[in-house]
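**Student:** With the input below, show me the fold.
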Amino acid sequence: MIQLGLLITNGHRLLSVAAILDVFESVNVFYEQSGLPHFFKITLLTPEPTPVRFNAAYEMQPLAMAGFQNLILVPAFGAGDIRFAIGRNQACIPWLREQFQNGSEVGSFCTGAFLLAAAGLLNGKQATTHIDSATTLATNFPEIILRSDAVVTDDHGIFTSGGATSSFHLMLYLIKRFCGKEVTLRTAKMFAIDMDREQQTYFGSFLPMQDHGDGLVNMAQKKIENEYQEGRTIEELIQDIPASRRNVVRRFKQAIGLTPIEYLQKTRIEAAKKLLEQTDQSVLEVMLNSGYNDLKSFRQLFKKSTGITPKEYRDKFNISRMTITRMAAV
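**Tutor:** Numbering: from 1, shown residues only. Below is the predicted model:
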């Protein structure tokens, strides 16, 4: 029997915890229906010293009383300040390190990767997280080999998943690892999970940090955001900023984890995505209205950023087409 410890962190996302419990309890039911003992012994663990009841159904065990766990799962954090969330869960960090050193395997879902990073478990390892949190993870923990496009990573006993529904793909990956293909397929069918998702890049949105406290960088950000459509180079866009280009680049990278040219490209690609989602403009018109003037280059940059072509992106996310599809289905 696999000892599975689900870490109920302070500030966890309830949906993440519920999904993990539902999937792994369902696997146990599959074994029960086959006349076999449960495969996973699921224990809910808390960094709080006093045990409490979880949703009136589960009693939690403090970390100090928890023995060795074969597999530890860390759910996503809820919306809010990740650094504050990590601070509230400091008690988990030495425990996670000790368990891993003793042979436990550890998996995180979505933004739960930040707790593994804070514990140093991701240093020198490949990892992913919610696509919109990837830059923040890389900036705060540069020792990580970030694979922001990945749905799931597996690196020497440490597993991470991308955002939201990517969590189900990590659960399937772990079930296949421990239980085999047959149970994995049965689980995928029960939860209606498409098993062929290979990347999560196209789900991302560019949400740059604005409250970093560097007024010069804010000035450069506003300049880029207001004038990206004009098709000018980054040198032309920031030429009025009262600092040398070298100083602007250094402070930009320090404040938000991107260079000015990377910021300009992401701003333009995000504008193109919105036009593809919300309008029927041709790809050529979208290109021009996003500040580009070379169609081949635009298509290459768009695919590099999102993982799919402009046409594929429109087919997947255009609002009017989604409405038509739903109506046709009805």
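**Student:** mind listing what Leu6 touches?
**Tutor:** Applying CB atoms under 8 Å, 6 or more residues apart in numbering, we find Leu6 in contact with 17, 20-21, 42-45, 72-73, 75. Quick note: C-beta positions are derived from backbone N, CA and C, even for glycine.
**Student:** if you set the cut-off to 10 Å instead, what comes out?
**Tutor:** 12, 17, 20-21, 24, 40, 42-45, 54, 58, 60, 69, 71-75 (CB atoms under 10 Å, 6 or more residues apart in numbering).
**Student:** Tell me the buried residues within those residues.
**Tutor:** Using 16 or more other CB atoms under 10 Å as the burial test, the contacts of Leu6 include 12, 17, 20-21, 24, 40, 42-45, 58, 60, 69, 71-75 as buried.
**Student:** Okay, the residue nearest to Asp240 when sequence neighbours are not counted and Val249: tell me how far apart.
**Tutor:** Among residues not flanking Asp240 along the chain, Lys223 sits closest, at 7.3 Å (CB to CB, 6 or more residues apart in numbering). Lys223 is 14 Å from Val249, where distance means CB to CB, to the nearest Å.
**Student:** Sitting in strands, which of the buried ones among the contacts of Leu6 do you find?
**Tutor:** The strands, defined by DSSP state E, take in 40, 42-45, 58, 71-74 from those.
**Student:** Can you tell me which of the residues you listed comes closest to Gln281?
**Tutor:** Val74 (42.6 Å; CB to CB).
**Student:** Can you find the helix or strand in the protein with the smallest mean pLDDT?
**Tutor:** Across the helices and strands of the chain, mean confidence by mean pLDDT, DSSP states H and E is lowest for helix 319-329: a mean of 52.
**Student:** burial of the spatially closest residue to Ile234 that is not a sequence neighbour, as a residue count?
**Tutor:** Setting aside the residues directly before and after it, Ile234 is nearest to Ile261 in space (CB to CB, 6+ apart), at 4.6 Å. Applying other CB atoms under 10 Å, we find 16 residues neighbouring Ile261.
**Student:** List the contacts of Ile261.
**Tutor:** 224, 233-235, 237-238, 249, 252.
**Student:** Can you give me the distance of it to Lys296?
**Tutor:** Distance, Ile261 to Lys296, using CB to CB: 19 Å.
**Student:** again, but for Thr309
**Tutor:** 12 Å.
**Student:** go on, Tyr313?
**Tutor:** Distance from Tyr313 to Lys296, by CB to CB: 17 Å.
**Student:** neighbour-wise, which of those two wins?
**Tutor:** Higher neighbour count among Tyr313 and Lys296: Tyr313, with 21 against 7, using other CB under 10 Å.
**Student:** Point me to the helix or strand that includes the nearest residue to that one once chain neighbours are set aside.
**Tutor:** Counting by CB to CB, 6+ apart, Tyr313 lies nearest to Leu276, which is 5.3 Å off, once chain neighbours are set aside. Leu276 belongs to helix 260-278 when assigned by DSSP states H and E.
**Student:** Would you mind pulling up the elements that the very next helix or strand once past that helix packs against?
**Tutor:** Counting by DSSP H and E, the next helix or strand C-terminal to helix 260-278 is helix 283-289. Here helix 283-289 touches helix 260-278, helix 295-306, helix 310-317, going by 3 or more CB pairs under 10 Å, 6 or more residues apart in numbering; DSSP states H and E.
**Student:** any idea which of those helices is most buried?
**Tutor:** Compared across the helices and strands packed on helix 283-289, helix 260-278 shows the largest average neighbour count, a mean of 20 (mean count of other CB atoms under 10 Å).
**Student:** separation between the residue lying closest to Tyr58 once chain neighbours are set aside and Thr279?
**Tutor:** Counting by CB to CB, 6+ apart, Leu44 is the residue found nearest to Tyr58 once chain neighbours are left out, at 5.0 Å. Per CB to CB, Leu44 is found 48 Å from Thr279.
**Student:** Could you do Phe39 as well?
**Tutor:** 50 Å.
**Student:** out of these two, which sits in the busier spot?
**Tutor:** Taking other CB under 10 Å, Phe39 and Thr279 do not tie; Phe39 has more neighbours (18 against 15).
**Student:** Name the nearest residue to the more buried one, ignoring sequence neighbours.
**Tutor:** Tyr31 (5.0 Å).
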